[in-house]
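Peer 1: My questions are about this predicted structure, shown below with the sequence.
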Amino acid sequence: MKFRKIYLLLALVGVACSSKGNTTPEWPWETPDKPAEENPTEPNPSLVEKGWSNVTSAYASLPEGIAVYKAPATLEGVKAVAYVAVADLSVVTWDVWSILDPETQGTTESLKTPGEVFAATSAPIVMNGGYFFSEGGKRYNASVAVSAGKVYGVNLNYASEDWVTYYYPTRGVFYEKGGKLGAGWTYYTTSHQHYLYGKPADNAWEKSPLQAPDASFPEKAATFDATTAIGAGPVLLHEGKVVNSWKAELFYGNGSDDKMPEARHPRTAIGSTGSRLVLFVCEGRGMTEGVPGLTTGEVASVMKSLGCTEALNLDGGGSSCLLVNGKSTIQESDGHQRAVGSAIILRKK
């Protein structure tokens with residue numbers, strides 16, 4: 001496996017755009033605040049009880065089993081613009097589009113905006129996926145991506161701040177295998193073994209590096225062979241508990257002012273309630289006046305409040321984007337959709 005020296009930032013962010021100064025700016029992709037008409041067969045009444053508005057009817061017809069909700073005016077005490085797409089997995093399936101870079105060797109394939117993924121797939125729901133980067137004319141996956149059992153990408157398996165001392169973090173993944181959804185931590189070894197763990201290796205920049213993960217460290221591993229999967233990190237929820245393992249996954253710099261998980265940014269996340277898949281996105285960086293975004297800890301709390309027991313933080317910042325029938329829900333913080341290395345799609349089975 002070819003190793004390349006790169007820095008992986010939590011949100012792979014660009015320059016923040018300035019506030020537009022309006023609470024309801026007239027963007028061409030803006031979605032109405034008006035909730036859908038009251039529906040006696042509301043598919044997710046617990047969300048409505050928590051103040052989320054069913055806005056499914058604001059979009060062109062969606063397949064049975066997919067509903068879209070807008071968040072209340074505040075989440076976790078913070079002014080917010082956020083949406084979730086909720087899918088009933090008995091009638092809806094999820095999949096991953098990705099550039100083909102199964103061992104981080106790089107590809108000449110083009111990155112795609114979520115809109116381009118929609119144009120190619122006609123999927124009613126498209127959301128940005130895992131981390132990626134470009135270097136030397138090539139594009140690289142920095143996160144797991146699996147579709148129909150085929151591996152398109154793996155999580156980066158090393159990290160360094162000075163390129164002298166190396167760490168070997170386990171990093172997050174959300175996956176489906178045998179009809180079961182889960183979140184966990186993976187490691188891809190130099191001998192091409194792909195492992196899945198139920199807990200992360202307890203790394204921290206402030207400590208000496210731990211050994212590289214293997215079949216028995218940080219615990220007895222399972223072979224990672226998911227049907228569908230998307231990686232990124234940190235893991236937010238596992239087995240019903242908030243874990244927010246950004247420190248162990250080394251998604252921060254060692255400086256006291258470089259802890260992006262604790263700062264508020266646009267965020268994207270995926271989670272499961274067991275029978276339902278939940279895709280979350282929130283706006284940030286003042287694209288709507290006074291809306292800063294959320295920390296990964298706040299996103300973890302939101303996902304738990306929505307009934308999720310497993311959840312993973314995905315690429316955020318300028319990458320955060322959720323399309324419903326090709327229409328943006330939030331204002332992307334780059335001022336336009338960013339071309340990404342992977343995306344999640346929902347469609348009818």
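Peer 2: Good, I have the coordinates.

Peer 1: I figured Y197 was touching T186, is that so?
Peer 2: Yes - look at Y197 against T186 with Cβ atoms under 8 Å: they come within range, at 7.3 Å. Glycine gets a C-beta too; all of them are placed from N, C-alpha and C.

Peer 1: So for these two, which residues contact both of them?
Peer 2: Residues touching both Y197 and T186 (Cβ atoms under 8 Å, 6 or more residues apart in numbering) are T170.

Peer 1: Between those two, which has more neighbouring residues?
Peer 2: Between Y197 and T186, T186 has the larger neighbour count (other Cβ atoms under 10 Å), namely 27 against 20.

Peer 1: And the more buried one, which helix or strand is it part of?
Peer 2: strand 180-188 (DSSP states H and E).

Peer 1: Please point out which parts of that strand sit buried.
Peer 2: L181, G182, A183, G184, W185, T186, Y187, Y188 (16 or more other Cβ atoms under 10 Å).

Peer 1: quick one: the second one from Y175, how far?
Peer 2: Note on G182: its distance to Y175, by Cβ to Cβ, to the nearest Å, is 6 Å.

Peer 1: Give me the pLDDT value at G253.
Peer 2: At G253, the pLDDT value in this model is 83.

Peer 1: What residues does it make contact with?
Peer 2: So G253 contacts E161, W205, K259 (Cβ under 8 Å, 6+ apart).

Peer 1: To what extent is the nearest residue to the first one once chain neighbours are set aside buried, counted in neighbours?
Peer 2: Of all residues not flanking E161 in the chain, N254 sits nearest, at 5.9 Å (Cβ to Cβ, 6 or more residues apart in numbering). Residues near N254, counting by other Cβ under 10 Å, number 12.

Peer 1: Would you map the helices across this protein?
Peer 2: 45-49, 114-121, 296-305 (DSSP state H).

Peer 1: and N157, which of those helices is closest to it?
Peer 2: Closest of the helices of the chain to N157 is helix 296-305, at 21.2 Å (criterion: Cβ to Cβ).

Peer 1: buried ones in that closest one?
Peer 2: T296, G297, E298, V299, A300, S301, V302, M303, K304.

Peer 1: Could you pull up the residues touching the last one?
Peer 2: The contact partners of K304, taken as Cβ under 8 Å, 6+ apart, are L237, V242, A311.

Peer 1: try 10 Å
Peer 2: Each residue near K304 by Cβ atoms under 10 Å, 6 or more residues apart in numbering is listed here: L236, L237, G240, K241, V242, G271, A311.

Peer 1: how about JSON lines for those residues, with pLDDT and distance to K220 added?
Peer 2: Shown next, in JSON lines, are these (pLDDT from 0 to 100; distance: Cβ to Cβ, whole Å):
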{"residue": "L236", "pLDDT": "98", "distance to K220": "24"}
{"residue": "L237", "pLDDT": "98", "distance to K220": "22"}
{"residue": "G240", "pLDDT": "98", "distance to K220": "22"}
{"residue": "K241", "pLDDT": "98", "distance to K220": "20"}
{"residue": "V242", "pLDDT": "98", "distance to K220": "24"}
{"residue": "G271", "pLDDT": "98", "distance to K220": "26"}
{"residue": "A311", "pLDDT": "98", "distance to K220": "24"}
